[in-house]
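[1] all I have is the shape, not the residue letters:
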């Protein structure tokens, strides 16, 4: 009986040890499984964040590109409208100035311009450029100068006025209505409120 008891005790000890071992193995399996699940979950979250970031970036790039195109189109339309308005304003101003050249006051303006240019050139010889339409005033213009004066037509002068050149002084004095009108374009663009942003 004692042998049976020893055998029973030995078997019980083995059973107990195997149960403990099995429990330890199960615990280890659960720990490894939990760690692997945590790693997989962390990796999945990281992959999801990367995917979302890439998708967000792609959508943002596409939207930014579409916005830039729309913005350029809108600016182009505004620029075109600004050009139309500016051209209309300056066409009207051109016509009014051209009409002014048919008035008696225009001759007074030419004589005044000639005096201003003559004051700059003094006794030096010069060439005065006028519009072909102003040839009738050539003698009155020449009379304002002290030095030798040649009067020539300049096809670039569409409205009127006087432009002088003194070779000795290397000076060009432009008192044409054309240049005065053209100089107003930059001012008009800056101050009209029609800037394209």
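    Okay, I see it. Worth saying up front: this structure is predicted, and the values here are computed from it rather than measured.

[2] output the longest helix belonging to the protein.
    Longest helix of the chain, by residue count under DSSP state H: helix 2-100.

[3] report the buried residues of the helix or strand following that helix.
    Moving toward the C-terminus from helix 2-100, the first helix or strand encountered (DSSP states H and E) is helix 104-121. The neighbour-count check on helix 104-121 (16 or more other C-beta atoms under 10 Å) flags 106, 109-111, 113-114, 117-118, 121 as buried. Placement of C-beta: from N, CA and C, glycine included.

[4] ok, stretch 147-164 next?
    For stretch 147-164, by 16+ other C-beta under 10 Å, it's 149, 151, 154, 157, 159-164.

[5] what about residue 128, neighbour count?
    Around residue 128 there are 24 other residues, counting by other C-beta atoms under 10 Å.

[6] now the lowest-mean-pLDDT helix or strand in the chain: how far from the chain's centre is it?
    When each helix and strand of the chain is scored by mean pLDDT, DSSP states H and E, helix 2-100 comes last, with a mean of 79. On the basis of C-alpha atoms, centre = their mean, to the nearest Å, the separation between the geometric centre of helix 2-100 and that of its chain is 34 Å.

[7] which strands or helices does that helix pack on?
    On a contact count with 3 or more C-beta pairs under 8 Å, 6 or more residues apart in numbering; DSSP states H and E, helix 2-100 meets helix 177-191.

[8] got the angle for the helix it packs on vs helix 104-121?
    90 degrees (axes from the mean of the first three to the mean of the last three C-alpha atoms, to 10 degrees).

[9] how about residues contacting helix 177-191?
    For helix 177-191, the surrounding residues in contact (C-beta atoms under 8 Å, 6 or more residues apart in numbering) are 82, 86, 89-90, 93-94, 97, 100-101, 156-161, 163, 195.

[10] try it again with 6 Å
    The contact list for helix 177-191 (C-beta atoms under 6 Å, 6 or more residues apart in numbering) reads 93, 97, 157-161.

[11] model confidence over it, on average?
    Helix 177-191 comes out with an average pLDDT of 84.

[12] and it, how far out from the chain middle?
    Computed by C-alpha atoms, centre = their mean, the chain-centroid distance of helix 177-191 equals 22 Å.

[13] and stretch 132-142, by the same measure?
    Worked out by C-alpha atoms, centre = their mean, stretch 132-142 lies 46 Å from the chain centre.

[14] list the buried residues for it?
    134, 137-138, 141.

[15] can you give me the distance of residue 32 to residue 89?
    83 Å (C-beta to C-beta, to the nearest Å).

[16] again, but for residue 101
    19 Å.

[17] cool, residue 180 as well?
    Taking C-beta to C-beta, one finds residue 180 at 15 Å from residue 89.

[18] what of residue 186?
    Taking C-beta to C-beta, one finds residue 186 at 13 Å from residue 89.

[19] ditto for residue 135
    Shown here: residue 135 relative to residue 89, a distance of 30 Å by C-beta to C-beta.

[20] same check on residue 158?
    Applying C-beta to C-beta to residue 158 and residue 89 gives a distance of 17 Å.
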